[in-house]
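J.: Need a 3D model of the sequence below.
(one chain, ligands or ions: 1)
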Amino acid sequence: MEKVKTKTIMTKSDQGNRWFGIDYHMNLYKGCSFGCIYCNSRCETYHIKNFDQIRCKENALEILEEELKSKGYKGVVSFGTLSDPYNLEEENLQLTRGALQLILKYGFGVSIDTKSDLILRDLDLLKAISEVNSVIIKISITTPDDALAKKIEPKVISSSRRFALVKTLIENGIYTGILLHPVLPFLTDNEDSITQIIEKGKDAHTKFIYTKMGMTLRTNQRDYYYAALDQLYPGLKEDYISVYNNRHICNTLQYRYLMELFLNKCSEYHILTDMDAIIADYKKVIPKNEQISLF
Ligand code: SF4
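T.: Residues are numbered from 1 along each chain as shown. Alright, predicted model coming up:
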C-alpha cells in the first residue's frame with residue numbers, strides 16, 4: 001500500500017458541532033477500499049484522486065499526538081467522514097486503534113462512522129473512552145436486502161451483519177445508531193425498504209436512525225455512480241438524468257411520504273431521528289474533562 005505524509009490530521013468542524021456534536025474531523029487514510037458505488041467522498045470537492053486506491057498517512061499518529069496535546073478543548077473527534085476507519089487495510093495497520101489509544105490518553109471524545117464489524121476489535125478502547133468523554137458510533141445501512149447491498153457496497157459486510165453489529169455495540173454499552181444514508185432513488189426509496197430498516201433497527205435496540213431521505217450526486221461521484229448503474233441496471237442512469245439532470249442534492253421522489261412514514265414509525269418505537277435530540281442524548285452523561293477544559 002502506498003504511504004503518504006501529512007502535515008495536519010485534525011481540523012475543526014466547519015459546522016460548529018451541529019453535525020452529531022462533532023468538534024474535530026480526522027481521516028487517517030486517504031481513499032477507501034470498500035467500493036460503495038454512491039460514495040460521496042469521490043466528489044471533486046475533496047480532491048482525492050484514485051479514491052478506490054487507499055493510502056495510509058504514515059506519520060498520522062505522531063502528528064495526532066502533537067495536535068491532541070495542543071488543543072484546549074477536549075471535544076469529540078470524528079473518524080471516517082471521507083474514508084471508513086475500519087477499511088480492509090486497518091486490520092493489519094491498526095492506525096485507527098492507535099488513534100483511539102491517543103484519544104483515550106488525552107481524554108477526548110469520539111464519533112465513528114463505519115460499515116465494518118472490525119470495530120468490535122476496539123471495544124476495550126471505546127468502553128474506556130466512554131467512561132471519560134462522549135462516544136457515538138454510526139453504522140451506515142442503506143438497505144435491509146443483503147443481495148442489493150452486495151451490489152452497491154461490494155466489499156462491505158452484509159446488512160444483516162451490520163444490524164447484528166449495532167446490537168452488539170449497544171449490548172456493550174456503546175452509544176450506537178444507524179445512518180440511513182444515502183437513500184437511492186429507484187433502488188432503496190420504497191416503503192418496504194425504509195420500514196424494514198426501522199424494524200430491524202428496533203430489534204437491534206438502535207438509539208437513533210438518521211436520514212436525509214436522498215443522495216448527493218456531485219462531479220466525479222456522479223460519473224462513478226452512473227458507470228456502476230450502467231453495469232448493474234442498464235437504463236436506470238437515464239431515469240436519473242431525466243429526473244435530476246445535474247442537481248447535486250437528489251431527494252427521493254416520494255420524499256414527503258417516506259419522511260412522514262419514517263418519522264412516525266421511529267417515533268412509535270422511541271427511536272431518535274432529530275439531530276439535536278441525538279446530540280443531547282449521547283452527550284448528556286458526560287464529561288468531566290470537557291467541563292474542566294472549559295474553565
Ligand atoms: S465505506 Fe464510506 S468512504 Fe468507503 S467507499 Fe463506502 S461510502 Fe465511501
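
J.: What about the residue of the stretch 51-200 of the chain found nearest the ligand, how many residues nearby?
T.: Taking C-beta to the nearest ligand atom as the measure, the point where the stretch 51-200 of the chain comes nearest the ligand is residue 84, at 3.8 Å. Every C-beta, even on glycine, is put in place using the N, C-alpha and C of the backbone. Around residue 84 there are 29 other residues, counting by other C-beta atoms under 10 Å.

J.: Surely it is within a strand?
T.: No - applying DSSP: H, G, I helix; E, B strand; the rest coil, one finds residue 84 to be coil, outside a strand.

J.: Ramachandran angles for it?
T.: Residue 84 adopts backbone torsions of phi -70, psi 120, taken as degrees, to the nearest 10.

J.: which residues sit in contact with it?
T.: Applying C-beta atoms under 8 Å, 6 or more residues apart in numbering, we find residue 84 in contact with 32, 34, 113, 114, 115, 116.

J.: hmm, stretch 211-227 touching the ligand?
T.: No - Stretch 211-227 stays clear of the ligand (C-beta under 6 Å from any ligand atom), getting no nearer than 9.6 Å.

J.: what's that stretch in contact with?
T.: 37-45, 179-185, 189, 237, 240, 244, 247-252, 255, 258-259, 262, 273.

J.: Could you give the average pLDDT over that stretch?
T.: Over the span of stretch 211-227, the pLDDT mean works out to 96.

J.: what distance separates the start and the end of that stretch?
T.: 25 Å (C-alpha to C-alpha, to the nearest Å).

J.: Quick one: find the helix or strand in this structure with the lowest mean pLDDT.
T.: helix 288-294 (a mean of 49; mean pLDDT, DSSP states H and E).
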